[in-house]
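Novice: Okay, sequence plus prediction incoming.
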Amino acid sequence: MISLRFAVEATGARHPFVVRLNDDYGLRSTTHDVYLAEFEGADAVFEGPGGLLRVQGLRSGEADGDVLLVIPDRNIAHRLIRAASDHNTLLVTERCDQLCVMCSQPPKTRHVDMFSLLETAALLAPRDATIGISGGEPTLYKDQLFGLLTRVLEARPDVSFHVLTNAQHFVEQDVQTLRALPAGSVTWGVPLYSADPGLHDRIVGKQGAQAALLNNLAILCRAGAAIELRTVIMRLNVARLTELAVFLVTHVPFVTNWAIMQLENIGYARKNWDELFEDTSISFGHVASALDLARARGISAVLYNFPLCTVPEPYRALAPSTISDWKRRYLSECDDCSARSRCGGFFEWYPDDRGFAGVRHL
Amino acid sequence: MKVWPLKFRDLVDGTIFADDAGGWFKSDRGFLDRYGKDQLAPDDLSFLQSNGHAYERVGDLSHTAFAWRWASRQAVASPLAYVILVPTLRCNLSCGYCQVSRAAETARGFDWSSETLKDVLRFLDRLETDQIKIEFQGGEPTLRLDLLEAVRDFCRKRFLRSEFVVCTNLQRLGAAEWSFLEAADTFTSTSVDGDASTHERQRTVSAALTDEFFGNLAMAAERLGPHRMSALPTIDPFSPPDFMSLCETYEQLGIASIYLRPVNHQGFARRRRMRSEEMLLWNRMHSDFIELLIRRNAETGHFLEEYYFTHALRRVLSAGLEHHVDIRNPNLFATDYVLVDFDGKLYPTDEARMLSRIGHVDLSVGHVATGIDGERRAAMNASSMNNFDPDCIHCPYQTFCGTDLIDDVSRYGRVDVPRHDTWFCQRHMALFDKVFELVYRDDVATRLSLARWAGVAEWPIGLARRHS
Amino acid sequence: MKRKFVIPSLLAAGFIPSGGAEALPVAGKSTLEPERRASLFDVFRLDHQYTLAGHRSHSSHRSHSSHRSSSGGGYTAPRAYNSQPPAFLASPPDAAQQFQAPAVPRYQAPLAALPGNTNKFREIVIQVQTALFTYGYFTGTIDGVVGPDTRTAIGKMQSDYSLKVTGTVTPELLNALGVLAR
């Protein structure tokens, strides 16, 4: 598992700050760049305009170009952006106005505003990076979020964003702001769990959530926004997946793609695993017909977080490797699997004893 | 709740309804009656709402989705990036129905001059694109390999990406021709009218030439591979080929997509008398061929398609298939593609240059030396959409269909004839009737083929919705 | 020689005279500026796959590779944290080993030279390689690229000259080799 935190020492600093690590002196030079000065034992010491930064357990080459958020008084640095990874996500808040039954990251009530630091980090990202924005619910702080997106995309037209949002908080006036963002530079990842309002609302734990969501999907459409619709399948909603597909091809045909997603065994999903997990390695029928229906009618439907061996052969091409590198692992069955290099594997926290019955090497 | 206008058409066992945004369903005359009398029942309304034919208020999701679907059904021409070049009109074959009004192989004055070549390269150089597709037609373009080389060399340097298609009869190929065709950015397109006897009857005439052609064809399949070679049969409905052996011929070549192209009655072909039963014959033959494919696919497990039927099916199923210039709306001429004739004149299509060539009507849109004549192009394009055609606006297939002005002029001398009287309309009516017959057919073999043709693993049962 | 046609003109074939004005909806999808995207038709016809391709890759691939899920927990909140826009900012390295509060307001001075200034760095590396070559540590191609051979040479030189051994380009190394980083 790839480490997303380092123990650090930043002598003399009191407030959080953002730096970019450089192995070589002079490659990148902003006021946020620090350069490797020496190794001391297991630590790497970086030197920059503001002083020295000691990072524990870091070797040369591992983190060149990475962007750290340093919290000096806790001696911790969060690895906000890994230069070598496609899976960089900035978490802008832990507050949320929904409470999904399978939430992988249960919300907290407290909000610490780090927008400014995260914006600096985004500005320091490697060329052509796609940066994820996640929460909590990022649009609870819509003004800060729009400001961040607008300014970063202005300074860094090569960068693009993927924002996860429950789309509860868009209003008609946002159309102008959204249209002013460079076309195609922001993709909004929006979850919809069922065409049935009651079922969707129950899953997300909020009355009227689906009605607000559908209204706001229309707003996003009129803003020309790129939308990735996301549906985590559970025992609660899998039987009605084809119904959802019919709904989408008629009422939400404008999405860039529709991700049908397997459950991640963490957060509330871990707690409620037995009631929620649908073993698609045994019965793939609902997923298959939803995929076929959506794709035949022009919606690019795909599978996220499905190990290839759990997917019938005709649908495997629709299951790209999606599990982020830092939380991916492979099982013993994967050792001699011919599909391993194409397969996203399993979540780090995948429960071997309560997972897919049909795991096998291909 | 407000209901969008619906158009309808009776099929054998029900009535097809469709709206202007490409939504459709099957119902019956009872529903039509209620719809016509404005006496829709609550479950009628709830069906219409769920199938995208109604909305509550302007700007709600149903309304926005309808507007989006409507917009996505309109063809939008991209910048000019596809140029058909006719470097020579001369040909080494003399097919009975030649569609290009060819010149004899030894004739003079039917090739580009060196001045024309210069003009062509200058014309290409000025295009506002960094990606180009060039299609070499003729005559037989390989008779002027030197011109093909000159164009290809130029394009490879000028454009970021360039692709070349050589439309050749594969009749006479030496080492130089083969080496030209074998380049990775070059594709070969040819005509194979069926088995050897059909091809000989329609094209090669002599047994020796037929053998030569099929020899080269086999070699092309081997040397170029199916992904860099395409072929299509030209079909005369009055003397069709044996379709089973046509399928075998194509399958052996590794080509799974067969585009039955009707003989086009212009050029030399125009000398043949047009017969009224031609349309009926064609439509019946095409429908029979689709049924043959369905049976054959189910039996062999090797899937073949009729290219144009698959395209029509996909246009019924979803938006976004606006790339086929034979069927799109509006069908904008001389916009994203244009043809340069042997004398440097520009034409919107291959058919347009033939009509002009035989003295029927001048459909040229400028000259390669001076560029596209915007005024003439605008005149053509003003009539190139079916949106306001008095017949089309009542047709449930309007959204899936297109226009073909050139064909209308060719057959009827005018573009403003009653739509239902035209070959284009009658052919496409039958085509879409067939599509809707099949998507509502409850039959395993049909579903197997439909799924393949729609590009999915299994045909989704709930896709084609019914309301009663 | 004027050719004669059976149908003498486009008008005679039923084409409507256009008045000469062309009104073609030509796409140019990726280049539409926001202010030109006024019509809903244009907005609806935005091809996200196409415009995304302008940046790096096809959108469908992109969304695969940049798939988001939970980010792995929140950030540790600082014990002491003021809501001032923080930035890590300049003071000469040897002046004070202190991280300082920002002196320059953000957004007026956007970060310069993002995400890297490759050409300048390349020149530095060429000088480093040349010097290492002269000192006999480096026998590879002088190409301005810090490859494994260059790293080995740097490490060896750092060790021999009692510099801090990193195998990377450091200010100390540049000093020792007499290379100016400006």
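Specialist: Okay, I see it. Since the model is a prediction, treat every value here as computed from it, not as a measurement.
Novice: Show me what residue of the stretch 101-250 of chain A gets nearest to chain C.
Specialist: Across the stretch 101-250 of chain A, no residue is closer to chain C than residue A:184, which sits at 3.3 Å (CB to the nearest CB). All C-beta atoms are positioned from the backbone trio N, CA, C, and that covers glycine.
Novice: In the chain, where is pLDDT below threshold?
Specialist: Here I'm looking at chain A. Low-confidence segments of chain A, defined by pLDDT under 70, are located at A:1.
Novice: you looked at the wrong chain, it should be chain C
Specialist: C:1-3, C:17-38, C:47-74, C:76-117, C:181-182.
Novice: give the contact list for the nearest residue to residue B:56 once chain neighbours are set aside.
Specialist: Excluding the flanking residues, the one nearest residue B:56 by CB to CB, 6 or more residues apart in numbering or on different chains is residue B:1, at 5.9 Å. The contact partners of residue B:1, by CB atoms under 8 Å, 6 or more residues apart in numbering or on different chains, come to B:45, B:48-49, B:54-56.
Novice: Just these: which are in helices?
Specialist: B:45, B:48-49 (DSSP state H).
Novice: Neighbour-wise, which one of these leads?
Specialist: Neighbour tally across the ones in helices among the contacts of residue B:1 (other CB atoms under 10 Å in any protein chain shown): the maximum, 25 neighbours, falls on residue B:48.
Novice: show me what contacts that residue?
Specialist: With the criterion set at CB under 8 Å, 6+ apart, residue B:48 makes contact with B:1, B:3, B:40, B:54.
Novice: top of the residues you listed by neighbour count?
Specialist: Busiest of those [other CB under 10 Å] is residue B:54, holding 21 neighbours.
Novice: right, and residue B:214 touches residue B:194 too?
Specialist: No. Contact criterion CB atoms under 8 Å: residue B:214 and residue B:194 do not qualify, at 11.6 Å.
Novice: Among those two, which residue is more densely surrounded?
Specialist: Each of residue B:214 and residue B:194 has its neighbours counted (other CB under 10 Å); residue B:194 has more, 24 against 18.
Novice: Return the residues in contact with the closest residue to the more buried one other than its chain neighbours.
Specialist: Among residues not flanking residue B:194 along the chain, residue B:241 sits closest, at 3.0 Å (CB to CB, 6+ apart). Neighbour list for residue B:241: B:193-195, B:198, B:233, B:235 [criterion: CB under 8 Å, 6+ apart].
Novice: how close does whichever residue of the stretch 301-450 of chain B sits closest to chain A sit to chain C?
Specialist: Nearest residue of the stretch 301-450 of chain B to chain A, counting by CB to the nearest CB: residue B:318, 2.7 Å away. Distance from residue B:318 to chain C, counting by CB to the nearest CB, to the nearest Å: 15 Å.
Novice: Leaving out chain neighbours, which residue sits closest to that residue?
Specialist: residue A:298 (2.7 Å).
Novice: right, and that neighbour touches residue B:319 too?
Specialist: Yes. Between residue A:298 and residue B:319 there is a contact under CB under 8 Å: 6.0 Å.
Novice: From the recorded domain assignment, give the ranges for the chain.
Specialist: Since no chain was named, I'll use chain A. For chain A, the structural domains run A:5-81, A:88-347, going by automatic domain parsing.
Novice: please go with chain C instead
Specialist: Split by automatic domain parsing, chain C gives C:29-63, C:118-177.
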